[in-house]
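>>> Here's my sequence, what's the structure:
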Amino acid sequence: MAVVKLNNIRPEMLRWAIERAGYNEESAEKRFPQVELWLSGEKQPTVRQLQTFAQKFYVPFGYLFLTQPPVEKIPFPMFRGTAGIEDKFDLNVYDTVIDIQRRQDWLEDYLTENELDTCSFIGCVSLQTPIGKTVDLLRQILHLDSRWAFSLANSEAAVNKLSQQLEEAGVFVAYNGIVGNNTHRPVQVDECRGFALVNNVAPYIFINSTDSKAAQLFTLIHETAHLMLGISAGHAGEEDYLHDTNEHYCDAVAAEFLVAADLIREMWNESVDIKKLAHRFKVSEIVVARRAHDLRLLSDADYRSFWLQYSHRPHSNKKTTSGGNFYLTSVKRVGRTFAIHVRNAVNSRQLSYTEAYRLTGLYGTTYQNFMEKNI
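This next block holds a predicted model:
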């Protein structure tokens, strides 16, 4: 059988695909040597070669036949500090957003068609709603009082508890630090700590699982506040985005929810141990210090001194890695509630196994073991 070579692949599209994946021509040639001859026009790829190229550079095969690159943009503001200012395109973040959107689109149809209970608090507040009122409402929604985290062992337990309460309130939550199950495609914390995808039927929150647990806790409430405002957004920066009114509001909600003003005032004194307070609230020390400073419990000079000391201190910053039990990790990546809906849809023949594999990123016996033994 003759090998068919393609003569309609433009070098410009190959260069776009290379840059899109975060490579330059030199590094791309090391990863895939044949591309040097394609870019120069000396040779044309075969169908199989081009398919391999598409897989290695994470680009849809059909895109390579276009005459110009498609417009690809994250469909909501992504506040990423310096990276955001430079408007840098990060393919791993983009593909993660698209994956969550795909789940959300299916969920919206499935939940609507089956008349299942859905989330009721999307867009329930505005920027004019006082922070205290929003936090009180959120406490009612999640059935958590201001001391909810005090009895928990650590920040990880607090994240798990909050995730459970959010899912019971109709929010779908997913944790991952890579694209799907591809350990070669990390989602960097400085590109995305998390994001909220607003939808009246199937609201979603994504959390970067490689972030510290204390940071994940703050991001969970920050993104929940976005859902309450009815505004989709994502973030990774620390303070660079605070000129944005929505982000500032969501941060204020997270700060009051996690470290209530009346509690920290009650517990604050001249000899207070910020580390111990942080452990009680299950947040980072810097969150407690900022909160105390905002409430004028900590002077400008004392806060500056603490910040300098804290920022130069080595932090263990324990993170969730891709190691450990694959199936337990998959429960976090897929989301337990989402997985239950997928399983029920397959069992009722409303969803094919092929589509279930695509939605969960799990295939064949791996999918079967996941559903039968972990959900």
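
>>> need the longest helix for the chain.
helix 91-113 (DSSP state H).

>>> how far is that helix from where the chain is centred?
Centroid separation for helix 91-113 versus its chain: 13 Å, with CA atoms, centre = their mean, to the nearest Å.

>>> following that helix, which helix or strand comes up?
Next helix or strand after helix 91-113 toward the C-terminus (DSSP states H and E): helix 131-142.

>>> which residues sit against that next one?
Residues from elsewhere that reach helix 131-142 (CB atoms under 8 Å, 6 or more residues apart in numbering): 121, 124-125, 145-146, 162, 165-166, 169, 221, 224-225, 228, 249, 252-253, 256-257, 260. Any C-beta I mention is one placed from the backbone N, CA and C, and that applies to glycine too.

>>> Return the members of these classed as buried.
For those, a burial check counting by 16 or more other CB atoms under 10 Å picks out 121, 125, 146, 162, 165-166, 169, 221, 224-225, 228, 249, 252-253, 256-257, 260.

>>> Go through those residues and flag which are in helices.
Of the buried ones among the contacts of helix 131-142, the ones assigned to helices by DSSP H are 162, 165, 166, 221, 224, 225, 228, 249, 252, 253, 256, 257.

>>> Quick check: the farthest pair among these?
The two members of those with the most space between them (CB to CB) are 165 and 249, at 21.4 Å.

>>> count of residues packed around residue 300?
Around residue 300 there are 9 other residues, counting by other CB atoms under 10 Å.

>>> residues contacting it?
residue 293.

>>> Figure out the helix or strand that residue 18 lives in.
helix 11-20.

>>> Which residues belonging to that helix are considered buried?
In terms of neighbour count (16+ other CB under 10 Å), helix 11-20 has its buried residues at 13, 14, 15, 16, 17, 18, 19, 20.

>>> now the residues you listed as a markdown table including distance to residue 356 and pLDDT?
Formatted as a markdown table, the buried residues of helix 11-20 follow (distance: CB to CB, whole Å; pLDDT from 0 to 100):
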| residue | distance to residue 356 | pLDDT |
| --- | --- | --- |
| 13 | 33 | 95 |
| 14 | 34 | 96 |
| 15 | 37 | 96 |
| 16 | 33 | 96 |
| 17 | 29 | 96 |
| 18 | 33 | 96 |
| 19 | 34 | 94 |
| 20 | 29 | 94 |
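
>>> Can you tell me which of these is nearest residue 69?
residue 16 (4.5 Å).

>>> quick one: the nearest residue to the closest one once chain neighbours are set aside from residue 358, how far?
Take residue 16 and drop its neighbours on the chain: the residue closest to it by CB to CB, 6 or more residues apart in numbering is residue 69, 4.5 Å away. Counting by CB to CB, to the nearest Å, the separation of residue 69 from residue 358 is 25 Å.

>>> Residue 332 now?
Between residue 332 and residue 358 the distance is 19 Å, computed by CB to CB.

>>> what ranges do the strands span in the protein?
Along the chain, counting by DSSP state E, strands occupy 78-79, 172-176, 178-179, 182-186, 194-197, 204-208, 233-235.

>>> what packs against the second one?
The criterion is 3 or more CB pairs under 8 Å, 6 or more residues apart in numbering; DSSP states H and E, and the helices and strands that strand 172-176 contacts are helix 91-113, helix 155-168, strand 204-208, helix 326-334, helix 336-347.

>>> Also the first one?
Contacts of strand 78-79 with other secondary structure elements, assessed using 3+ CB pairs under 8 Å, 6+ apart, are made with strand 233-235.

>>> In the sheet, which strands lie alongside the strand it packs on, parallel or antiparallel?
Using DSSP bridges, the strands paired with strand 233-235 in its sheet are strand 78-79 (parallel), strand 194-197 (antiparallel).

>>> Buried deepest among these, which one?
Counting by mean count of other CB atoms under 10 Å, strand 194-197 has the highest mean neighbour count of these, with a mean of 26.

>>> what sits up against it?
For strand 194-197, contacts defined as CB under 8 Å, 6+ apart pick out 76, 78, 97, 100-101, 104, 203-208, 211, 216, 219-220, 222-224, 226-227, 231-235.

>>> Could you break the chain into its assigned domains?
As given by automatic domain parsing, the domain ranges for the chain are 11-65, 78-258, 329-374.

>>> need the contact list for residue 37.
Contact analysis of residue 37 by CB under 8 Å, 6+ apart lists residue 43.

>>> And the pLDDT at it?
Listed pLDDT for residue 37 reads 92.

>>> Residue 69 versus that one, what's the distance?
The gap separating residue 37 from residue 69 is 22 Å, by CB to CB.

>>> And stretch 213-227, how far out from the chain middle?
Distance of stretch 213-227 from the chain centroid (CA atoms, centre = their mean) equals 10 Å.

>>> Output it as PDB, nothing but the C-alphas.
Output in PDB follows, covering the C-alpha atoms of stretch 213-227 (Å, rounded to 0.1, in the frame of the first residue of the first chain):
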ATOM      1  CA  LYS A 213      -4.500  22.700  51.500                       C
ATOM      2  CA  ALA A 214      -4.800  26.000  53.300                       C
ATOM      3  CA  ALA A 215      -4.800  27.800  49.900                       C
ATOM      4  CA  GLN A 216      -7.300  25.300  48.500                       C
ATOM      5  CA  LEU A 217      -9.600  26.200  51.400                       C
ATOM      6  CA  PHE A 218      -9.500  29.900  50.600                       C
ATOM      7  CA  THR A 219      -9.900  29.300  46.900                       C
ATOM      8  CA  LEU A 220     -13.000  27.100  47.500                       C
ATOM      9  CA  ILE A 221     -14.800  30.000  49.300                       C
ATOM     10  CA  HIS A 222     -13.500  32.600  46.800                       C
ATOM     11  CA  GLU A 223     -14.900  30.700  43.900                       C
ATOM     12  CA  THR A 224     -18.200  29.900  45.800                       C
ATOM     13  CA  ALA A 225     -18.600  33.700  46.200                       C
ATOM     14  CA  HIS A 226     -18.200  34.000  42.400                       C
ATOM     15  CA  LEU A 227     -21.100  31.500  42.100                       C
END
